[in-house]
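Participant: sequence unknown, structure follows:
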């Protein structure tokens, strides 16, 4: 399983000299196995995802965790959507009363975007998901609702030998005393259990989180606690705060490392990072 | 052991912040959480008991009507909510294992998540002076 990180920034693209190392593009990660491609989220990072001749079929599956703008704003700039030979499947959560098509169309329609969803030249199919398990080529995918404002899921992607868990926006500590340290009571934990790699929200410091409870995001410390409870092997801290420069991000992470040690490997997600799992 | 749905987890997190007694049950009535104010009603601590099967916790107090007659389980709001998946409210008396009698009001409501599936129920209790 090969994984490429195309966007790891939270909330809004922040491309500039001060974010050039970790990157300023918003959420987008791709996962490859046997020539099959999954695109996780369609943030601004998706624009740089160029598909050449690596695909085994003419099919690409885009899995959306939720429909906040930083996870869909790049969709209209993903070239395969404009290729009539391509078969594109978009998977995402519906709302309680609006369909996925209706919710996506709010962005992919005038005045926000010139092209209507129904006018995209590719062969487009939408799939509504909730707490679901489905198969795409060699991948078995489990989706489950996680704590974040609005309908939001995380994904557990199982390939032939490896498991990659993707929960870029998640507030498992929402509550009076933070994460309840009992796995039955932790949002998203089943998705991450024993994963080889976990890509997880870690936007805030503990101090910042005190003023941002309910905004749907997580501290590095809570992300690490979550990873520890789920027995994951390797964690990528992601959804970097848009106000954080590379220098500041390094400082925050160095402070975190000084004060915390874990059995598993953990590091900051960086745009352009490539990871190969067995 | 699968984790609870987030709608259940968020209800527990909310109950944990409240100063009124709250019970949370699964779909068959097993008590999966009660908050600190609810410990007074049960005479037990969640830390000590953990989750309790319905046949255990439902015998920890006796519900009585105005005439002191025992209320059948099917009349209790939480039981009705679990059966019909709609909210109920009732004021009645409860007699604890220690023999103390309290007049209380109970409001119960179903937890129906985004998928439309019934996931459990919540009962909120408060002491009342209502005649």
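Facilitator: Ah, there it is. None of the values given here were measured: they were computed from a predicted structure.
Participant: pLDDT on the biggest helix by length in chain B, on average?
Facilitator: Scanning chain B for the helix with the most residues, using DSSP state H, yields helix B:6-17. For helix B:6-17, the mean per-residue pLDDT is 96.
Participant: tell me the phi and psi of the closest residue to chain B within the stretch 51-200 of chain A?
Facilitator: Here the residue of the stretch 51-200 of chain A nearest chain B is residue A:175; by Cβ to the nearest Cβ that distance is 3.2 Å. For every residue, glycine as well, the C-beta is placed using N, CA and C. Main-chain dihedrals, residue A:175, degrees, to the nearest 10: phi 150, psi 180.
Participant: what sits against the residue lying closest to it once chain neighbours are set aside?
Facilitator: Spatial nearest neighbour of residue A:175, chain neighbours left out: residue B:13 (3.2 Å); criterion: Cβ to Cβ, 6 or more residues apart in numbering or on different chains. Residues near residue B:13 by Cβ atoms under 8 Å, 6 or more residues apart in numbering or on different chains: A:174-176, A:180.
Participant: which bits of the stretch 1-150 of chain A sit near chain B?
Facilitator: A:93, A:96, A:130-131, A:145-147 (Cβ under 8 Å from any Cβ of the partner chain).
Participant: a markdown table for these, including neighbour count and pLDDT?
Facilitator: Below are the residues of the stretch 1-150 of chain A next to chain B laid out as a markdown table (neighbours: other Cβ atoms under 10 Å in any protein chain shown; pLDDT from 0 to 100):
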| residue | neighbour count | pLDDT |
| --- | --- | --- |
| A:93 | 22 | 95 |
| A:96 | 9 | 81 |
| A:130 | 16 | 95 |
| A:131 | 17 | 95 |
| A:145 | 22 | 97 |
| A:146 | 26 | 97 |
| A:147 | 23 | 97 |
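Participant: which bits of chain B sit near chain A?
Facilitator: Near chain A, when you scan chain B using Cβ under 8 Å from any Cβ, you find B:1-6, B:9-10, B:12-14, B:16-17, B:113-115.
Participant: in stretch A:227-241, what counts as buried?
Facilitator: Residues of stretch A:227-241 classed as buried by neighbour count (16 or more other Cβ atoms under 10 Å in any protein chain shown): A:227, A:229-230, A:232-241.
Participant: also stretch A:44-57?
Facilitator: Those would be A:44-49, for stretch A:44-57 by 16+ other Cβ under 10 Å.
Participant: endpoints of that stretch, how far apart?
Facilitator: 25 Å (Cα to Cα, to the nearest Å).
Participant: any idea of the mean pLDDT for it?
Facilitator: Per-residue scores along stretch A:44-57 average to 91.
Participant: residues making contact with that stretch?
Facilitator: Outside stretch A:44-57, the residues touching it (Cβ under 8 Å, 6+ apart) are A:4-8, A:13, A:23, A:25-30, A:32, A:34-37, A:39, A:60, A:70, A:73-75, A:77-80, A:87, A:137, A:271.
Participant: can you check stretch A:236-252 too?
Facilitator: Outside stretch A:236-252, the residues touching it (Cβ under 8 Å, 6+ apart) are A:5, A:8-12, A:14, A:18-22, A:24, A:27, A:168-169, A:197-205, A:208, A:217-218, A:220, A:223, A:253, A:266-269, A:273.
Participant: drop anything exposed from the residues you listed.
Facilitator: For those, a neighbour count by 16+ other Cβ under 10 Å gives the buried set as A:5, A:8-11, A:14, A:19, A:22, A:24, A:27, A:168-169, A:197-205, A:217-218, A:220, A:223, A:253, A:266, A:268-269, A:273.
Participant: now, the residues you listed that are in strands?
Facilitator: A:5, A:197-201, A:266, A:268 (DSSP state E).
Participant: okay if I get the residues you listed as TSV plus distance to residue A:119?
Facilitator: Shown next, in TSV, are these (distance: Cβ to Cβ, whole Å):
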residue	distance to residue A:119
A:5	31
A:197	37
A:198	38
A:199	33
A:200	36
A:201	34
A:266	44
A:268	39
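Participant: wait, is residue A:124 part of a strand?
Facilitator: Yes. The assignment for residue A:124 by DSSP: H, G, I helix; E, B strand; the rest coil puts it in a strand.
Participant: could you pull out the strands for chain B?
Facilitator: Going by DSSP E, chain B shows strands at B:22-25, B:31-34, B:61-64, B:88-96, B:101-112, B:118-127.
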